[in-house]
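In: mind folding the following:
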Amino acid sequence: MVTDQETTPIEFVVSDPATTTIFQRILGGVAARKRLLVDTVGVALLNGLKNKPGVIFVDDVVMMGLGKHTDIPLANWGNDTDAAETADRPDDWLLESIDDPDEVLDRVREAIDEVNENTDDYVS
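Out: Next up, the predicted model:
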């Protein structure tokens, strides 16, 4: 979701759920999850954006790997202390405390759940 400075949504891009097979998880381990989330889903979502955001906020430290695919600064507000070490670039950062950052993600999750539960209502 891309928002303006007041967090009003101006663009929303979503992908179908993506998973790895048990075989991929066994053989690929943690790297398989990162490839799936970053190289497949994350890059596809970035390429689908019409509005370039000023910063990308993520709540999963693995998504800091998007730094190798974009020049947009990344910020992780999770509680993972390894986030700073995971950042691919020095301009990326870990946000330890901002005013209720989860509220925006909660809205996104609610919207995705609504679409998943009522798919027929949104398909013309």
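In: what's the longest helix in this structure?
Out: Longest helix of the chain, by residue count under DSSP state H: helix 102-117.
In: please compute how far it lies from its chain's middle.
Out: Here the centre of helix 102-117 is set off from its chain's centre by 13 Å, with C-alpha atoms, centre = their mean, to the nearest Å.
In: what does it rub up against?
Out: Contacts made with helix 102-117 from outside it, assessed by C-beta atoms under 8 Å, 6 or more residues apart in numbering, are listed as 1, 3, 7, 9, 12, 14, 57, 59, 77, 122. In short, each C-beta sits where N, CA and C put it, glycine included.
In: for the third one, which three-state class applies?
Out: Taken by DSSP: H, G, I helix; E, B strand; the rest coil, the conformation at residue 7 corresponds to coil.
In: where are the low-confidence patches of the protein?
Out: Applying pLDDT under 70 to the predicted model, the residue ranges of the chain that meet it are 77-101, 104, 118-124.
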